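*Asks:* the following block contains a protein sequence and its predicted model.
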Amino acid sequence: MRRKPSTVGVAPGDGLVARFGAVVAYLGAETTSTDRILGTIEAVAEGEHPGAALAQRLAAVIFGSTVQPPPFGVVAPTADGVLILLRGPVIAEIQGAEGTRRLDGGRAFTWVDEIVREPVRRITIGADTGEPPTALPRTDLRAGVVPGGGFVLHAAVRRTGKAAEPRTSEPSAQAEPEATAAAGFAAMPEPTGASDAVAQASPAPRPTGASDAVAQATPIPRQTSAADALAPATPRPTESVRPFAKPRPPRPVPDRPPAWSQVQPAREPVALRKAPENGGTRAVSPAALSGDAVGALVTEEGAAYPLDRAYVIGRGPQVDEAVRTAAATPIVIQRDRHVSRVHAYVSVDGGKVYIRDAAATSGTFIAGPGTDQWTRISTSPTELPPGWRVRISERVLTYRGDEQRTGTADIAGARRRS
């Protein structure tokens, strides 16, 4: 019995198609609740039968929020079948042993949920455009999120086949040698004296041993084999069939211009979490800032990032062009679905710090010292005065100016005046 794995073909169109384990989903648009829906699906997809848990978690996300969710369709395995969830103008076409039938998410005020218990061959889910979506040829989504207008799931099936009977070969005129190891892996005996060489030169029956079959099947150039014994040669000492080659001395490397990665300065990602004592990303303390830094962005855990360069903040800021060209340093916010891959930009110009939003779904907010009134910023650069804070999801960074150096200078001046 063998099992053919399930495949997920992606149909063209506007929207998103996601696959986490055995759970496949289609979202008709990207709204402020898109990340929460995808995060909920990813969180429960690791279970053996995530269908029941997924329905409960999605109900809390969809009906417990005032934000209008996008139309979506989800397929998830359960203990006794396959769960299909549809909301909004999304259709599902189910092809099984009893034929083809259709579900429409737009016919319910909340959503349409059904557990399909009969064997399913194919499930097609997409936007309700009058015709079911057609997957692009040779597409098979294994994991992740991609753009698409729907998907076609070919479910995994078990196929039973008869055990292959061993074929009995008819007796041939000449006996076949026994199967042996690959040439070079089995050592062949070498003649050790003239008497052995004469004995091997005399006619003998077809070889049946492993060494003779290898010697006659594959001649190896420049190696000692049984064929060498046929030549009238002087006795030679015993040696291996495939002697180990002597290591070659390293070739001198000519002078070459340095690679691009050697010319550009190295920019390591900065993880936005408290660094461990041994290893991990090293944060700079405010007292150790360089002379060019106007201050630092300090997290609630105490890690500080000197403001002598530009930063790109997000869940995957390495994809941004500024980071790829080493023009900015990435600050990674890990394991937070409310943070976009590229969420915000920080720059320093003329001794001032500016921050701008990267059109993130959940937004970027700033607030002055001593207040809890947060203001959402736009994609235009906004000046961040010293002492002000930046909030991205639940992470807060505070702009600390060079207070220590300024305070030291004031104390020294007061002493001179006194």
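*Replies:* Cool, the structure landed.
*Asks:* count of neighbours near residue 146?
*Replies:* 13 (other Cβ atoms under 10 Å). In this view, the C-beta of every residue, glycine as well, is placed from N, C-alpha and C.
*Asks:* quick check, pLDDT for the nearest residue to residue 45 once chain neighbours are set aside.
*Replies:* Closest residue to residue 45 apart from its sequence neighbours, by Cβ to Cβ, 6 or more residues apart in numbering: residue 20 at 3.7 Å. You'll see residue 20 listed with a pLDDT of 94.
*Asks:* got the phi and psi for residue 20?
*Replies:* Here is the backbone geometry of residue 20 (degrees, to the nearest 10): phi -130, psi 100.
*Asks:* count of neighbours near it?
*Replies:* Counted with other Cβ under 10 Å, residue 20 comes out at 19.
*Asks:* quick one: low-confidence parts of this protein?
*Replies:* 1-4, 157-291, 402-418 (pLDDT under 70).
*Asks:* do a quick rundown of the helices in this structure.
*Replies:* According to DSSP state H, the chain carries its helices in the segments 34-44, 51-63, 194-201, 210-217, 260-263, 321-324, 403-417.
*Asks:* quick revisit: pretty sure the residue nearest to residue 45 is touching residue 39, no?
*Replies:* No. With contact defined as Cβ atoms under 8 Å, residue 20 does not reach residue 39; the gap is 10.0 Å.
*Asks:* okay, and the common contacts of those two?
*Replies:* With Cβ atoms under 8 Å, 6 or more residues apart in numbering applied, the contact sets of residue 20 and residue 39 do not overlap.
*Asks:* quick one, what contacts the residue nearest to residue 45?
*Replies:* 41, 42, 45, 143.
*Asks:* ditto for residue 121
*Replies:* Contacts of residue 121 by Cβ under 8 Å, 6+ apart are 95, 96, 97, 154, 155, 157.
*Asks:* quick one, strands of the stretch 51-200 of the chain?
*Replies:* Assigned by DSSP state E, counting those that start in this stretch, the strands in the stretch 51-200 of the chain fall at 72-78, 81-87, 90-96, 99-104, 112-116, 120-127, 144-147, 150-154, 157-159.
*Asks:* distance to residue 314 added to those, as CSV?
*Replies:* Shown next, in CSV, are those (distance: least, Cβ to Cβ, whole Å):
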stretch, distance to residue 314
strand 72-78, 24
strand 81-87, 29
strand 90-96, 30
strand 99-104, 37
strand 112-116, 34
strand 120-127, 29
strand 144-147, 15
strand 150-154, 27
strand 157-159, 41
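*Asks:* quick one, which of those is nearest to residue 361?
*Replies:* In terms of Cβ to Cβ, the element of the strands of the stretch 51-200 of the chain nearest to residue 361 is strand 144-147, at 13.4 Å.
*Asks:* which neighbours in the sheet does that closest one have, and how are they oriented?
*Replies:* strand 16-20 (antiparallel) (DSSP bridges).
*Asks:* check which residues of the partner strand are buried.
*Replies:* Across strand 16-20, burial judged by 16 or more other Cβ atoms under 10 Å covers 16, 17, 18, 19, 20.
*Asks:* the last one bridge partners, please.
*Replies:* Assessed by DSSP bridges, residue 20 has beta-bridge partners residue 23.
*Asks:* from residue 38, how far out is it?
*Replies:* 8 Å (Cβ to Cβ, to the nearest Å).
*Asks:* next: the first one.
*Replies:* Residue 16 is 8 Å from residue 38, where distance means Cβ to Cβ.
*Asks:* okay, and the common contacts of these two?
*Replies:* Listed as contacting both residue 16 and residue 38 by Cβ under 8 Å, 6+ apart are 27, 145.
*Asks:* can you show me the strands along the stretch 301-418 of the chain?
*Replies:* According to DSSP E, counting those that start in this stretch, the strands that the stretch 301-418 of the chain contains are 304-306, 311-314, 329-332, 344-349, 352-357, 365-367, 375-376, 382-383, 389-392, 395-401.
*Asks:* closest to residue 135 among the buried residues of strand 16-20?
*Replies:* Nearest to residue 135 among the buried residues of strand 16-20, with distances taken as Cβ to Cβ, is residue 17, at 9.9 Å.
*Asks:* show me what contacts the nearest residue to that closest one once chain neighbours are set aside?
*Replies:* Closest residue in space to residue 17, ignoring its immediate chain neighbours: residue 148 at 3.8 Å, by Cβ to Cβ, 6+ apart. Residue 148 sits next to 10, 11, 12, 13, 15, 16, 17, 26 when contact means Cβ under 8 Å, 6+ apart.
*Asks:* the strands of the stretch 51-200 of the chain: which one's closest to residue 326?
*Replies:* The nearest among those, by Cβ to Cβ, is strand 144-147 at 26.7 Å.
*Asks:* who's in contact with that closest one?
*Replies:* With Cβ under 8 Å, 6+ apart, strand 144-147 has contacts from 10, 14, 15, 16, 17, 18, 19, 38.
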